[in-house]
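>>> Sequence and computational prediction follow.
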Amino acid sequence: MLSCQSRYEELCNPDELQFQLVHQIEELWMKLIAYTLLDIDEILATGKYESVITPVPARAPGTKVDERAAGMLETMSRKSIRRFAKRLGNGSGRSRRIPRAAKMYQPIWNSFKTNYLDKHG
């Protein structure tokens, strides 16, 4: 992750590194959420439904950290962001992450439906 960040002399303004850090943090939390969903799917397949309760609360505080990190972007001026945004190109962006997250949840719902709802009426 550190090698993906610009070197000091390459930054066009002080906000650029902050912008990069916030987006890297968001990507790491999304990865944790995706892995948590995989864990939940495996647990549902085993039929040990009460075990699903464990991974979710243990990893949920990460979403609060992500919200605070995203709030840091609000401290930057649009003019400042425009100066480096073109150089960064098309990142993952929140707008692209929402459909990706929806796709992640569908298999979990299917697993829950098959392994719990359908079995137990």
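Thanks, I have the structure now.

>>> What count of nearby residues applies to the closest residue to L11 other than its chain neighbours?
In this structure, L11 finds its nearest non-sequential neighbour in L17, 5.9 Å apart by Cβ to Cβ, 6 or more residues apart in numbering. Using the backbone N, CA and C atoms, a C-beta is placed for each residue, glycine as well. Neighbours of L17 under the rule other Cβ atoms under 10 Å: 16.

>>> confidence score at L17?
Here the pLDDT value assigned to L17 is 86.

>>> tell me which element it is part of?
L17 belongs to helix 15-46 when assigned by DSSP states H and E.

>>> mind checking how far that helix is from the chain centre?
4 Å (Cα atoms, centre = their mean, to the nearest Å).

>>> Point out the other elements, helices or strands, that that helix touches.
Contacts defined by 3 or more Cβ pairs under 8 Å, 6 or more residues apart in numbering; DSSP states H and E place helix 15-46 against helix 55-59, helix 61-72, helix 78-88, helix 93-112.

>>> just the angle between that helix and helix 78-88, please?
70 degrees (axes from the mean of the first three to the mean of the last three Cα atoms, to 10 degrees).

>>> what comes up buried for helix 15-46?
Neighbour counts over helix 15-46 (16 or more other Cβ atoms under 10 Å) mark 15-20, 22-26, 29-30, 33, 36-37, 39-41, 43-44 as buried.

>>> Any regions of the protein where pLDDT drops low?
When residues are selected by pLDDT under 70, those of the chain lie in 55-67, 69-70, 88-105.

>>> Could you check how far the spatially most central residue of the chain is from Q5?
When Cα atoms, centre = their mean is applied to the chain, the residue found nearest the centroid is M30 (2.1 Å). M30 is 18 Å from Q5, where distance means Cβ to Cβ, to the nearest Å.

>>> can you check H23 too?
Relative to Q5, and taking Cβ to Cβ, H23 is found at 10 Å.

>>> R68 now?
With Cβ to Cβ as the criterion, R68 and Q5 are 20 Å apart.

>>> higher neighbour count, the two?
Set R68 next to Q5 and count neighbours by other Cβ under 10 Å: Q5 wins out with 14 against 10.
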